[in-house]
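Asks: Take this sequence and fold it.
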Amino acid sequence: GKDIFLDVAKDAWYYDAVSTAYEYGIVSGYGGNLFGPMDKITREQAMTMLARAMKITRLDAGLTDQDTDSLLARFEDAKMTSEWAEESVLSCVKAEIVSGRSINIIAPKENTSRVEVAVMIRRLLQKSGLI
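Replies: Take a look at the predicted model:
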């Protein structure tokens, strides 16, 4: 790995994972070469990383212009999604990697749990034909 992030110590147990995720374009960190290793991850951040991983696994969600309105219309809080994360959220919903916290709540600004991330990653690997 490379020393990309100032707040990821070389002796940290997650150093290699963060470096590898950076090299594959899955994570980019914050400005100023910071990663925030102790920060909680929002659902829209998780979906952004998953959408980037979808490119690596060659899982194409096949988004169309019509998907923007139709896919997120069922979620009451979809408009809370940050502009930078919108396409990633759409890709994850269309590929059925993420279904929402409930039938009508996607919760983009809420923190995600390890369990949710594990389920999302499993779905990504299944949809990609890797498991």
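Asks: which other helices and strands contact the helix or strand of the chain with the lowest mean pLDDT?
Replies: Sorting the helices and strands of the chain by mean pLDDT, DSSP states H and E puts helix 67-72 at the bottom, at a mean of 81. Using 3 or more C-beta pairs under 8 Å, 6 or more residues apart in numbering; DSSP states H and E, the elements in contact with helix 67-72 are helix 86-94. C-beta: built from backbone N, CA, C; applies to glycine.
Asks: tilt between the next helix-or-strand element following the helix it packs on and helix 86-94?
Replies: Counting by DSSP states H and E, the next helix or strand C-terminal to helix 86-94 is helix 114-127. Relative orientation of helix 114-127 versus helix 86-94 (axes from the mean of the first three to the mean of the last three C-alpha atoms, to 10 degrees): 70 degrees.
Asks: picking up where we left off before, how about the least confident helix or strand of the chain: buried residues?
Replies: For helix 67-72, burial by neighbour count (16 or more other C-beta atoms under 10 Å) applies to 67, 71-72.
Asks: how about the residues you listed in TSV, adding distance to residue 100?
Replies: Below are the buried residues of helix 67-72 laid out as TSV (distance: C-beta to C-beta, whole Å):
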residue	distance to residue 100
67	15
71	11
72	10
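Asks: just these now: which is nearest residue 123?
Replies: residue 71 (16.1 Å; C-beta to C-beta).
Asks: what's the burial count for the closest residue in space to that closest one that isn't next to it in sequence?
Replies: Of all residues not flanking residue 71 in the chain, residue 93 sits nearest, at 5.1 Å (C-beta to C-beta, 6 or more residues apart in numbering). A count of nearby residues for residue 93, using other C-beta atoms under 10 Å, gives 22.
Asks: So residue 93 sits against residue 72, correct?
Replies: Yes. The criterion here is C-beta atoms under 8 Å, and residue 93 meets it with residue 72 at 7.1 Å.
Asks: overlap in contacts of the two?
Replies: Shared contacts of residue 93 and residue 72 (C-beta atoms under 8 Å, 6 or more residues apart in numbering): residue 106.
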